[in-house]
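In: Sharing a model that was predicted from the sequence below.
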Amino acid sequence: MEISPKSPDESEKSPQSKEMMTSNTASTLCISSRSESVWTSTSRSKWDIYHKPVIVVSVGAGVFLFGIVITSLSCIQIKNKKIYKMCGPALLSLGLMLLVCGLVWIPIIRKKQKQRQKSHFLQSLRSFFFNR
């Protein structure tokens, strides 16, 4: 029994063309499945970007100042001195931790914004040249 090679006019395509179609579809799906698209990116105000770290910094500063007041009361007042000596340093450390976390968070957001701008530019260039 002799097997003849299939002619190019047959409806069945070669494995290479199937593979090319699959890989093309996969790359298109990969590009379109990204969470941030060039088409959906809207410019956000500075408050929208920085509101969380600003709130953390302000709460941390408030708790830190309250810890300073409580700690100083432990030095001044004689009544309930043990409570002030326990709560004061705890509030100082908690406030300082929140303050530092918020202050470190702001440069991280700035760096991410710069990287996002670069990636949007590179993505638009890539889509311009490769989607033609």
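Out: The structure has been received and is ready for your questions. All values reported here derive from a predicted model rather than from experimental measurement. Numbering: from 1, shown residues only.
In: helices and strands around the helix or strand harbouring residue 120, which ones?
Out: Assigning secondary structure by DSSP states H and E places residue 120 in helix 81-130. On a contact count with 3 or more CB pairs under 8 Å, 6 or more residues apart in numbering; DSSP states H and E, helix 81-130 meets helix 46-76. Yep, even glycine has a C-beta here, placed from its N, CA and C like the rest.
In: tell me the angle the helix it packs on makes with helix 81-130.
Out: If you take axes from the mean of the first three to the mean of the last three CA atoms, to 10 degrees, helix 46-76 sits at 160 degrees to helix 81-130.
In: Only the buried residues of helix 46-76, if you could.
Out: 50, 53, 56-57, 60-61, 63-64, 66-67, 70-71, 73-74 (16 or more other CB atoms under 10 Å).
In: For the protein, which residues score under the pLDDT cut-off?
Out: 1-42, 132 (pLDDT under 70).
In: Kindly recompute the last result at 50.
Out: For the chain, the stretches with pLDDT under 50 are 17-18, 20, 22-23, 26-39.
In: Tell me which residues are up against stretch 67-87.
Out: Applying CB atoms under 8 Å, 6 or more residues apart in numbering, the external contacts of stretch 67-87 come out as 88, 89, 90, 91, 92, 93, 94, 95.
In: okay, these in JSON lines with neighbour count and distance to residue 105 next?
Out: As requested, these are exported to JSON lines (neighbours: other CB atoms under 10 Å; distance: CB to CB, whole Å):
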{"residue": "88", "neighbour count": "20", "distance to residue 105": "26"}
{"residue": "89", "neighbour count": "14", "distance to residue 105": "24"}
{"residue": "90", "neighbour count": "13", "distance to residue 105": "23"}
{"residue": "91", "neighbour count": "20", "distance to residue 105": "21"}
{"residue": "92", "neighbour count": "18", "distance to residue 105": "20"}
{"residue": "93", "neighbour count": "13", "distance to residue 105": "18"}
{"residue": "94", "neighbour count": "16", "distance to residue 105": "16"}
{"residue": "95", "neighbour count": "20", "distance to residue 105": "16"}
